[in-house]
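Colleague: Sequence first, then the predicted structure, then my questions.
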Number of protein chains: 2
Amino acid sequence: MTAMRKKKAAKTLKGDQTKALILETALDIFRERGYEETTMRAIAEKAGVSLGNAYYYFRSKEYLIQAFYQRLHDEHLAASLPALENKDTLKARLLTVMRLRIDISRPYHHFAGVLFKTAAHPESPLNPFSDESDPVREQSIALFAKVLDGTKARIPKDLKAELPYLLWVYQMGIVLFWIHDPSRGHRRTYRLIDHTVDLLDKLIHLASNPFMRPLRKQALRLVQEIREALPDDDNDDKKE
Amino acid sequence: MTAMRKKKAAKTLKGDQTKALILETALDIFRERGYEETTMRAIAEKAGVSLGNAYYYFRSKEYLIQAFYQRLHDEHLAASLPALENKDTLKARLLTVMRLRIDISRPYHHFAGVLFKTAAHPESPLNPFSDESDPVREQSIALFAKVLDGTKARIPKDLKAELPYLLWVYQMGIVLFWIHDPSRGHRRTYRLIDHTVDLLDKLIHLASNPFMRPLRKQALRLVQEIREALPDDDNDDKKE
DNA sequence: GCGGTTAATTGAACGTGTTCAAATTCAGCT
DNA sequence: AGCTGAATTTGAACACGTTCAATTAACCGC
């Protein structure tokens, strides 16, 4: 009976609860004080666990950010799917998704800098190309595939295959800009999105022109080459 | 007389010597052991100064990297100028400069990751757009202006004005790739340079076509918009 | 219930980047 | 030579991220 209760309480294996508690607490303090200013000791204390315990669940402070990364994507996806339903042009769909990305990220603006701080570091788990961020990257790219699939735009197969990845890279660029954007309400970022989406839309249609085929092929070969060199990619056959 | 000697010895004001000594020592150990693994205490000890003294000359460990940055550019420039003398096409000149960049950087490959680690962090002195890296950025862009000036290529004024900056950004992209490139002799990076330079050459000529004028104008307006949002830029009039 | 095995938790200790008040050296002036 | 203020140098102290051996709690087959 008491045994039953205990089991029920531990249905998420107890550890998962602690892990979630630590993460929530960490994100709370991050949002309030920023990343650098938040100490692991403060997180542990507010969460009511010991310092060592926090490290039992998160191998380092950086791993807390990776969890944040995933959460951000989840919210972005949840907001994007319904918003896409009544849009059918490529331009409108891309615009929607990009704007939502910023909408979702806004509460974390002043500490989002660290996201990119380590992002380019080869050995960091935060590196968006690293194995460890594989799941969220795949999901992010998949969202852009969905953006494309909903349109009637006539895009050549070769380009269409690479576009989700390219748009994901584009999104990283926009977020990078947003991190540096101090303008009120981040309106500069929104304006940049408007203009780049407009331009991208034109470029995609230009690249889809038969006349552009050779140049397009060459550019796509290049993208392929770059992707292959990256540590891990869904292009690899993971057979063995 | 002894006073004379003293004055001569101190013509670099003594402090500069110490600063240089610390920097040399630091770069030595960085090259051997990498950045993270090198402690400020080790640098101070090997340089024969106290720990606090190292901090008197370099506000933080990161500032040592900024000095490294500058040195890298100096070497790059020194190697590029003579190499450019007998090349007159845009393609050949760009290829030369890009390849030299990697040649110069090679000895530091395994610790160059930190360069970009903090590079994207808005508040870091390493951020290539920050005020603090202003001089080396200007010089870097100026090198690409020189690459352009030596060619007979007919490039529209508007594009030609922005190209040095754009090529500098392109170079950052290549370096980013190189940091992640584990291939023997970094041949993947060299291959990427070959292919991208080829493509860039074509794109620049395509964009120079009168037919492309509207799209080019739009793209350039975009570049302008992005540059204006950045903290500090040579577009500001620094009249005095 | 009861060992034994695994999971979870603790807190002390370590190494490192950074700070700072105090001590020392230096440069110019009389 | 002696004084004065600035530049340089020192080393102890601090805060923080991280590690780890030891302790406690939870689970499971008997």
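Modeller: Cool, got the structure. Quick caveat, the model's predicted, so the values are computed rather than measured. Residues are numbered from 1 along each chain as shown, chains lettered A, B, ... in the order given.
Colleague: So A:Val197 sits against A:Arg99, correct?
Modeller: No - if you go by Cβ atoms under 8 Å, A:Val197 and A:Arg99 don't touch, sitting 9.1 Å apart. No exception for glycine: its C-beta is placed from N, CA and C like everyone else's.
Colleague: The two: who's more crowded?
Modeller: A:Val197 (22 against 18; other Cβ atoms under 10 Å in any protein chain shown).
Colleague: ok, now which ones touch the more buried one?
Modeller: A:Val197 makes contact with A:91, A:94-95, A:98, according to Cβ atoms under 8 Å, 6 or more residues apart in numbering or on different chains.
Colleague: do A:Ala229 as well
Modeller: With Cβ under 8 Å, 6+ apart, A:Ala229 has these contacts: B:177, B:180-181, B:183, B:188, B:192.
Colleague: From these, which one has the minimum pLDDT?
Modeller: Checking pLDDT across those, the minimum falls on B:His180 at 85.
Colleague: out of the contacts of A:Val197, what pair is the most spread apart?
Modeller: A:Lys91 and A:Met98 (10.8 Å; Cβ to Cβ).
Colleague: If you count surrounding residues, which of these two has more?
Modeller: Neighbour comparison, A:Lys91 and A:Met98: the larger count goes to A:Met98, with 26 against 17 (by other Cβ under 10 Å).
Colleague: which ones are touching A:Leu64?
Modeller: Taking Cβ under 8 Å, 6+ apart, we find A:Leu64 in contact with A:23, A:26-27, A:30, A:43, A:58.
Colleague: among those residues, which are in helices?
Modeller: A:23, A:26-27, A:30, A:43 (DSSP state H).
Colleague: could you flag which of the residues you listed are buried?
Modeller: Buried members of the ones in helices among the contacts of A:Leu64, counted by 16 or more other Cβ atoms under 10 Å in any protein chain shown: A:23, A:26-27, A:30, A:43.
Colleague: tell me which element the residue nearest the centre of chain A is part of?
Modeller: For chain A, the residue nearest the mean C-alpha position is A:His73 (5.1 Å; Cα atoms, centre = their mean). With elements taken from DSSP states H and E, the one containing A:His73 is helix A:61-84.
Colleague: Kindly report the same for A:Pro125.
Modeller: Per DSSP H and E, there is no helix or strand for A:Pro125.
Colleague: Next, work out how far apart the residue lying closest to A:Pro156 once chain neighbours are set aside and DNA strand C are.
Modeller: Residue nearest to A:Pro156 in three dimensions, not counting chain neighbours: A:Ser208, with 5.7 Å by Cβ to Cβ, 6 or more residues apart in numbering or on different chains. For A:Ser208, the distance to DNA strand C (Cβ to the nearest atom of the strand, to the nearest Å) stands at 50 Å.
Colleague: From the structure, what's the count of residues near A:Ser208?
Modeller: 17.
Colleague: Am I right that it is in contact with A:Asp158?
Modeller: No - in this structure A:Ser208 lies outside contact range of A:Asp158 using Cβ under 8 Å: 10.3 Å.
Colleague: Where does the prediction get shaky in chain A?
Modeller: A:1-13, A:118-120, A:122, A:132-133, A:231-240 (pLDDT under 70).
Colleague: can you list the residues of it near DNA strand C?
Modeller: A:13-16, A:18, A:49-53, A:55-57 (Cβ under 7 Å from any atom of the strand).
Colleague: Can you add neighbour count and give these back as a markdown table?
Modeller: Formatted as a markdown table, the residues of chain A next to DNA strand C follow (neighbours: other Cβ atoms under 10 Å in any protein chain shown):
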| residue | neighbour count |
| --- | --- |
| A:Leu13 | 9 |
| A:Lys14 | 11 |
| A:Gly15 | 11 |
| A:Asp16 | 12 |
| A:Thr18 | 18 |
| A:Val49 | 17 |
| A:Ser50 | 12 |
| A:Leu51 | 12 |
| A:Gly52 | 9 |
| A:Asn53 | 14 |
| A:Tyr55 | 15 |
| A:Tyr56 | 13 |
| A:Tyr57 | 18 |
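Colleague: and A:Tyr69, how many residues sit next to it?
Modeller: Every residue meeting other Cβ under 10 Å relative to A:Tyr69 is counted, giving 20.
Colleague: Same check on A:Ala83?
Modeller: Neighbours of A:Ala83 (other Cβ under 10 Å): 13.
Colleague: swap in A:Lys117?
Modeller: 27.
Colleague: Please report how far the closest residue in space to A:Thr38 that isn't next to it in sequence lies from A:Phe68.
Modeller: Leaving aside its chain neighbours, A:Thr38 sits nearest to A:Ile29 (4.6 Å; criterion: Cβ to Cβ, 6+ apart). Using Cβ to Cβ, to the nearest Å, A:Ile29 is found at 12 Å from A:Phe68.
Colleague: Where do the strands of chain A begin and end?
Modeller: All residues of chain A lie outside strands when identified by DSSP state E.
Colleague: which ones are touching the residue nearest to A:His205 when sequence neighbours are not counted?
Modeller: Among residues not flanking A:His205 along the chain, A:Ala153 sits closest, at 7.5 Å (Cβ to Cβ, 6+ apart). Going by Cβ under 8 Å, 6+ apart, A:Ala153 touches A:89-90, A:204-205, A:208.
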